[in-house]
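> Need coordinates for the following:
(chains A, B, C and D)
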2 protein chains.
Amino acid sequence: MKKERMEAVAELLDKRGKLSLAQLCEAFPDVSEMTLRRDLLKLEQENRLIRVRGGAMSVNEVKKVSGEEYTKKTVINTDQKRTIARKAAALIEPGSCIFLDGGTTAMYLAKEMDDVSCNVFTNGIAVAMELAQKKNVRIILLGGQLLKENLSTAAPAAKVYLENSNFRIAMISASAFTPEHGFSCSSQIEADLLRMVREKADALYMMLDSSKIGKVKPYTFARIEDLDVLITDDMFPDEIKQAFKEKNIVVM
Amino acid sequence: MKKERMEAVAELLDKRGKLSLAQLCEAFPDVSEMTLRRDLLKLEQENRLIRVRGGAMSVNEVKKVSGEEYTKKTVINTDQKRTIARKAAALIEPGSCIFLDGGTTAMYLAKEMDDVSCNVFTNGIAVAMELAQKKNVRIILLGGQLLKENLSTAAPAAKVYLENSNFRIAMISASAFTPEHGFSCSSQIEADLLRMVREKADALYMMLDSSKIGKVKPYTFARIEDLDVLITDDMFPDEIKQAFKEKNIVVM
DNA sequence: GAAAAATATGTTAAAATATAACTAAATATT
DNA sequence: AATATTTAGTTATATTTTAACATATTTTTC
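Residues are numbered from 1 along each chain as shown, chains lettered A, B, ... in the order given. Model prediction:
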């Protein structure tokens, strides 16, 4: 009994890399939190995992992340993205059904959002993994071919999937924006997908940090007038904000 | 200044392996506890250490202790899965198109397999992430609702995808097996999906480590006669192997 | 097969630790 | 020199862990 549970705990942890105690409790609803704590303690003494605040981490996970080294050290505009993510997170209403893209900003949003009961469609597997930690969020992943650069799916198949899905709000971001060229990204199929998302959604919320302004990428998937809401940071130039406001788009 | 102190913190930690916050405060009496906390947080974000309750641990320390005193059982268990994964990996031919499930064994397989040009369908996002590191592997992720316990998608929608997909070999695993109850798992929708996969595939390869034998889970998705190949470890009982061989299933 | 011992689990309160928010100081930028 | 920006300190608050005890379960012993 105990032994099997402990094995299962260790295995789950190996699979997921990192688990919070709350997640463990969810996975093993028959036993109390304290029991799982004690399991983790024993497993730690056997050097099978590392206990961290709030849960535990598999040793493999530790090796893995340490192997990644500094590649992602210089993440650009982290704070701004987090600001935007926080604003966006505040807009998610319990019971709602939204779409999130697979970008970095969406990742932050997934981190920041409350664990409210809602449905989230996404094409980003990193976003999905992040959301998996929320108990009340139901995640629907768009399938299709995986783009390795950004770990998101974007293929005709994903579109098929969208056809049968309904969401009120789509919260997406772009890698580039100018008033003339609109919102653009570097992959054709991604642009296709986002275009489709934009049409399916009742409301389109764009999360755009100021560093994207003035850049142009090959594929435009939306223009100013397609938006309903623009969520941005404090560095965003007023004159460009004005351009949005003139077209009745809410800027926050 | 900040930079030097942080370097010093990282260095001290590497030297000592593990430090409590109190120890850190002692080593750096000029700054407040909060500052050191923040340093640890940043260093953790750079993947240079792991924060544990009360302090932090160097990644090298983690590797060291984890290498030291694994219980024999764990080693065997992982080894078994890895053995199976390696055998399975050897069966993947360049240019082929295969299905992998979202289980732990599939994860190991994803790790072990060569970076050959091939197409892999999977419903496991952890598997997909692992495979994303291979340059030549084209990954197609099945969409659908995400099961948080095992990070795999398994919903009616995933089945829609399957309908338009063709793969020669499906390599899957089960959480339980007995000759009477066949291969079973604990989730209804997962079983549905696997059943469909089994029917779509030209050949069904089952990866089953010996620890699964004698267990029964609620939902059976395949029986002995459905298999083409059984991939297992050395601990697998001969009499059960025999049962497979009698039905002309290749055991390796 | 029953009593005793050992082990495992659950419950609660207390302690330790981490986070967040805010203020002050130091440093860099213009 | 004035103004941002970053860094550091302080405090209050929230969270997580531990510890202690009570109860249940299994194992051992007779």
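
> drop to CA atoms for contacts and neighbour counts, all remaining ones
Will do.

> A:F221 - that's part of a strand, no?
Yes. Applying DSSP: H, G, I helix; E, B strand; the rest coil, one finds A:F221 inside a strand.

> can you give me the helices in the stretch 51-200 of chain A?
Remark: helices assigned in the stretch 51-200 of chain A by DSSP state H, counting those that start in this stretch are A:59-68, A:78-90, A:104-112, A:125-131, A:156-163, A:188-200.

> need those helices in JSON lines with mean pLDDT, can you?
As requested, these are exported to JSON lines (pLDDT from 0 to 100):
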{"stretch": "helix A:59-68", "mean pLDDT": "63"}
{"stretch": "helix A:78-90", "mean pLDDT": "76"}
{"stretch": "helix A:104-112", "mean pLDDT": "82"}
{"stretch": "helix A:125-131", "mean pLDDT": "86"}
{"stretch": "helix A:156-163", "mean pLDDT": "72"}
{"stretch": "helix A:188-200", "mean pLDDT": "89"}
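
> Looking at those helices, spot the one closest to DNA strand C.
helix A:104-112 (9.1 Å; Cα to the nearest atom of the strand).

> I would like the residues contacting that closest one, please.
Counting contacts by Cα atoms under 8 Å, 6 or more residues apart in numbering or on different chains, the residues outside helix A:104-112 that touch it are A:81-82, A:84-86, A:88-89, A:100, A:126-127, A:130-131, A:171-173, A:207.

> And for A:V251, the neighbour number?
15 (other Cα atoms under 10 Å in any protein chain shown).

> my bad, should have said A:R16
Around A:R16 there are 19 residues (other Cα under 10 Å).

> again, but for A:M235
10.

> what do you get for A:Y161?
Neighbours around A:Y161, by other Cα under 10 Å: 19.

> Hmm, A:L141 and it touching each other?
No. Look at A:Y161 against A:L141 with Cα atoms under 8 Å: they stay out of range, at 9.4 Å.

> Which neighbours do those two have in common?
Residues touching both A:Y161 and A:L141 by Cα under 8 Å, 6+ apart: B:G143.

> start to end distance for stretch A:200-209?
End-to-end distance of stretch A:200-209 (Cα to Cα, to the nearest Å): 24 Å.

> Kindly report the residues of chain A close to DNA strand D.
Within reach of DNA strand D by Cα under 7 Å from any atom of the strand, chain A has these residues: A:L21, A:M34, A:R37, A:L41, A:R51, A:V52, A:R53, A:G54, A:G55.

> of those residues, buried ones?
A:L21, A:R37, A:L41, A:R51, A:V52, A:G55 (16 or more other Cα atoms under 10 Å in any protein chain shown).

> filter the residues you listed down to the ones near chain B?
A:R51, A:V52 (Cα under 8 Å from any Cα of the partner chain).

> how about the buried ones among the residues of chain A next to DNA strand D in a markdown table, adding pLDDT?
Shown next, in a markdown table, are those (pLDDT from 0 to 100):
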| residue | pLDDT |
| --- | --- |
| A:L21 | 88 |
| A:R37 | 90 |
| A:L41 | 87 |
| A:R51 | 88 |
| A:V52 | 88 |
| A:G55 | 79 |
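
> Please list the members of the buried ones among the residues of chain A next to DNA strand D that lie in strands.
Among these, the ones falling in strands (DSSP state E) are A:R51, A:V52, A:G55.

> Could you find the closest non-adjacent residue to the second one?
Put plainly, it is A:V52. Of all residues not flanking A:V52 in the chain, B:V52 sits nearest, at 4.3 Å (Cα to Cα, 6 or more residues apart in numbering or on different chains).

> my guess is that neighbour contacts A:R53, does it?
Yes. If you go by Cα under 8 Å, B:V52 and A:R53 touch, sitting 5.8 Å apart.

> Tell me the backbone dihedrals of the residue nearest to A:D115 when sequence neighbours are not counted, please.
With sequence-adjacent residues excluded and distances taken as Cα to Cα, 6+ apart, A:D115 is closest to A:K134, at 5.3 Å. The phi/psi pair for A:K134 (degrees, to the nearest 10) reads phi -90, psi 130.

> so what secondary structure elements neighbour the longest helix along chain A?
Using DSSP state H to define each element, chain A has its longest helix at helix A:2-16. In terms of contacts (3 or more Cα pairs under 8 Å, 6 or more residues apart in numbering or on different chains; DSSP states H and E), helix A:2-16 is packed against helix A:33-45, strand A:55-58, helix B:104-112.

> can you list the weak-confidence ranges in the stretch 1-150 of chain A?
For the stretch 1-150 of chain A, the stretches flagged by pLDDT under 70 are A:1, A:63-80.

> now with 90?
Applying pLDDT under 90 to the stretch 1-150 of chain A flags the ranges A:1-24, A:26-30, A:39-96, A:102-117, A:125-127, A:129-137, A:141-150.

> near DNA strand C, which residues of it?
Residues of the stretch 1-150 of chain A lying close to DNA strand C by Cα under 7 Å from any atom of the strand are A:M1, A:K2, A:D30, A:V31, A:S32, A:E33, A:M34, A:T35, A:R53.

> repeat that with 10 Å
A:1-6, A:25, A:28-39, A:42, A:52-54, A:112 (Cα under 10 Å from any atom of the strand).

> still on that earlier bit, now render the ones in strands among the buried ones among the residues of chain A next to DNA strand D as a markdown table, adding distance to A:Y108.
Compiled in a markdown table, those are given as follows (distance: Cα to Cα, whole Å):
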| residue | distance to A:Y108 |
| --- | --- |
| A:R51 | 24 |
| A:V52 | 21 |
| A:G55 | 21 |
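
> How many residues are close by the residue lying closest to A:R168 once chain neighbours are set aside?
With Cα to Cα, 6+ apart as the criterion, A:R168 has its nearest non-adjacent residue at 4.8 Å, and that residue is A:D202. The number of residues packed near A:D202 is 14, by other Cα under 10 Å.

> Over to A:E180?
As a burial measure, A:E180 scores 10 neighbours (other Cα under 10 Å).

> what's the answer for A:T122, then?
26.

> circling back: so which of the residues of chain A next to DNA strand D would you say is closest to A:N119?
Ranked by distance to A:N119 (Cα to Cα), the residues of chain A next to DNA strand D are led by A:L21 at 23.3 Å.

> if I pick that closest one, what's in contact with it?
By Cα under 8 Å, 6+ apart, A:L21 lies in contact with A:E33, A:L36, A:R37, A:G54, A:G55, A:A56.

> wait, isn't the second one in contact with A:L24?
Yes. Using Cα under 8 Å, A:L36 is in contact with A:L24, at 7.4 Å.

> Taking the stretch 51-200 of chain A, what residue is nearest to chain B?
Closest contact between the stretch 51-200 of chain A and chain B, by Cα to the nearest Cα, is at A:G143 (3.5 Å).

> Please pick the buried ones from the residues of the stretch 1-150 of chain A next to DNA strand C.
Among these, those scoring as buried are A:M6, A:C25, A:F28, A:E33, A:L36, A:R37, A:D39, A:V52, A:E112 (criterion: 16+ other Cα under 10 Å).

> Looking at these, which is nearest DNA strand D?
Taking Cα to the nearest atom of the strand as the measure, DNA strand D lies nearest A:V52 of these, at 5.7 Å.

> Would you enumerate the residues in contact with that closest one?
Taking Cα under 8 Å, 6+ apart as the test, what A:V52 contacts is B:I50, B:R51, B:V52, B:R53.
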